[in-house]
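S.K.: Below is the sequence, then the predicted model.
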Number of protein chains: 2
Amino acid sequence: MDAKNLLKGHIAKVTQLTDAEFDHCFAQFKLRQFQKGQAVVTAGDMADEEYFVVSGCLKTFFINEDMKMFILQFAMPTWWASDYHALYERTRATINVDSVTDAVVLSITNDDREKLCRDFHNLEYFFRWRTNRGYVASQKRLLSFMNNNVKFRYEEFLKLYPDVYNIVPKNLIAAYLGVSRETLSRLYNT
Amino acid sequence: MDAKNLLKGHIAKVTQLTDAEFDHCFAQFKLRQFQKGQAVVTAGDMADEEYFVVSGCLKTFFINEDMKMFILQFAMPTWWASDYHALYERTRATINVDSVTDAVVLSITNDDREKLCRDFHNLEYFFRWRTNRGYVASQKRLLSFMNNNVKFRYEEFLKLYPDVYNIVPKNLIAAYLGVSRETLSRLYNT
């Protein structure tokens, strides 16, 4: 499916825009391609865009002082990714986004999204709906992290995100679960 | 400060409503009082309201199969609380909300909030802004949980939420940090 129809269908599941309204909105997005491993957002840089994944997979991650990587999110087609703290507060990024596979995305700047939300009430609704879902998913992940052991979280990940599991290297899944690759291997012979 | 002016000032920091618009919105809220320890939302029940704290403190928490409690959030004046998964998906609550202290809150049903958001574009903006901030805070908390030890997270909590620290019993702070009361005592002689 082409990028325009993918975004159109994604928004149409939540709210109604006329074709003319959607065309106006779509004109604010840029189609961009990233190669496997390419940086999308780099910690320390200004971040003023968010990304709607059309194909491939992005990941959002943090590197601590000991150079250990923690993965906050994978983003598959129709998912969104950015450093939202940096975006909303207009500060430098503290987390990174890069491309797990070759990927095609639609990017939009924070300013353009805000303008579209002012111009189209239904689009404001769409973005509120989207962040509501993101908030709930984030709370669930936090609770799962507090409450469950690695075995449970690994199996939960398989059940929730089979598509991600199939294309993402196991060392990245370990970084998402917050364990070493060796621990994951010991548990699952993966 | 009375409940009406507290909510009015809270919204006015983010968006503009005329006095007549705000009065219409405010009429959808109910003023409610909870005694210390009283249940606000109970896991297993339907949850169709969210709560704006006027005075006192609520907590949002989960009890696992071993009866261990995990605290997701404390909510102080001008903060909001509910089981948002249950609210947005119109399902039964899986988490609980109760009152840490005697508290006064303004409650609004999910349906009434959605209707207000449809009627007032600026209010839709307000609730999108609020959820954006909640999402970012939740991501930060997840990252801190993955990356930092109890000592760091305890000191971060003190720095971020001194008001909560001053009124919340230490066993609840331990449940927020995901450790036992004994571990916290050992670290801090609290």
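M.R.: Done, it's in. If you're wondering where the values come from, they're calculated on a predicted model, not measured in any experiment.
S.K.: just how off-centre is stretch A:18-32 within its chain?
M.R.: Offset of stretch A:18-32 from its chain centre (C-alpha atoms, centre = their mean, to the nearest Å): 20 Å.
S.K.: quick one: contacts of that stretch?
M.R.: The contact list for stretch A:18-32 (C-beta atoms under 8 Å, 6 or more residues apart in numbering or on different chains) reads A:3-4, A:7-8, A:11, A:17, A:51-52, A:54, A:104-109, A:112-113, A:115-116, A:119-120, A:122-123. Glycine gets a C-beta too; all of them are placed from N, C-alpha and C.
S.K.: Tell me which residue is most central in chain A.
M.R.: residue A:81 (3.0 Å; C-alpha atoms, centre = their mean).
S.K.: Which PyMOL command selects the buried ones in the contacts of stretch A:18-32?
M.R.: Buried residues within the contacts of stretch A:18-32, by 16 or more other C-beta atoms under 10 Å in any protein chain shown, are selected in PyMOL with:
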select buried, chain A and resi 3+7+8+11+17+51+52+54+104+105+106+107+108+112+113+116+120+122+123
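S.K.: Now intersect the contacts of stretch A:18-32 with the strands, please.
M.R.: A:51-52, A:54, A:104-109 (DSSP state E).
S.K.: what does chain A have sitting close to chain B?
M.R.: Contact residues (C-beta under 8 Å from any C-beta of the partner chain) of chain A with chain B: A:62, A:64, A:68, A:70, A:72, A:84-85, A:88, A:95, A:117-118, A:121, A:124-125, A:127-128, A:131-136, A:138-143, A:145-147, A:178.
S.K.: elements contacting the helix ranked longest in chain A?
M.R.: Once chain A is assigned using DSSP state H, the helix that runs over the most residues is helix A:121-147. Secondary-structure packing of helix A:121-147 (3 or more C-beta pairs under 8 Å, 6 or more residues apart in numbering or on different chains; DSSP states H and E): helix A:19-26, helix A:110-119, helix A:150-160, strand B:69-75, helix B:84-89, helix B:110-119, helix B:121-147.
S.K.: quick revisit: just send the ones in strands among the contacts of stretch A:18-32 back as TSV, with pLDDT too.
M.R.: Formatted as TSV, those follow (pLDDT from 0 to 100):
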residue	pLDDT
A:51	98
A:52	98
A:54	98
A:104	98
A:105	98
A:106	98
A:107	98
A:108	98
A:109	98
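S.K.: show me where pLDDT drops low in chain A?
M.R.: Along chain A, segments meeting pLDDT under 70 span A:1, A:190.
S.K.: one more time with 80
M.R.: Low-confidence segments of chain A (pLDDT under 80): A:1, A:187-190.
S.K.: the domain parsing of it - what is it?
M.R.: Here the domain assignment for chain A is A:3-134, A:148-190, based on automatic domain parsing.
S.K.: which one of those domains has the most crowded surroundings?
M.R.: Highest mean neighbour count among the domains of chain A (mean count of other C-beta atoms under 10 Å in any protein chain shown): domain A:3-134, with a mean of 17.
S.K.: Could you give the separation between the terminal residues of that domain?
M.R.: Using C-alpha to C-alpha, to the nearest Å, one end of domain A:3-134 lies 22 Å from the other.
S.K.: likewise stretch A:172-184?
M.R.: Stretch A:172-184 end-to-end distance (C-alpha to C-alpha) = 11 Å.
S.K.: How far does it sit from its chain's centre?
M.R.: 19 Å.
S.K.: again with stretch A:14-28
M.R.: For stretch A:14-28, the distance to the chain centre is 22 Å (C-alpha atoms, centre = their mean).
S.K.: how long is it end to end?
M.R.: 20 Å.
S.K.: do stretch A:97-115 as well
M.R.: First-to-last residue span, stretch A:97-115, C-alpha to C-alpha: 24 Å.
S.K.: likewise stretch A:34-43?
M.R.: For stretch A:34-43, the first-to-last residue distance is 18 Å (C-alpha to C-alpha).
S.K.: before we move on, what about stretch A:61-80?
M.R.: 14 Å.
S.K.: Same check on stretch A:35-48?
M.R.: 20 Å.
S.K.: need the contact list for the residue nearest to the centre of chain A.
M.R.: Taking C-beta under 8 Å, 6+ apart as the test, what residue A:81 contacts is A:40, A:50-51, A:53, A:58, A:60, A:73, A:75, A:97.
S.K.: So what pairs up with it in the strands?
M.R.: residue A:51 (DSSP bridges).
S.K.: gap between it and chain B?
M.R.: Residue A:81 sits 12 Å away from chain B, going by C-beta to the nearest C-beta, to the nearest Å.
S.K.: same thing with residue A:151?
M.R.: Residue A:151 is 15 Å from chain B, by C-beta to the nearest C-beta.
S.K.: Quick one: residues contacting that residue.
M.R.: Per C-beta under 8 Å, 6+ apart, neighbours of residue A:151: residue A:187.
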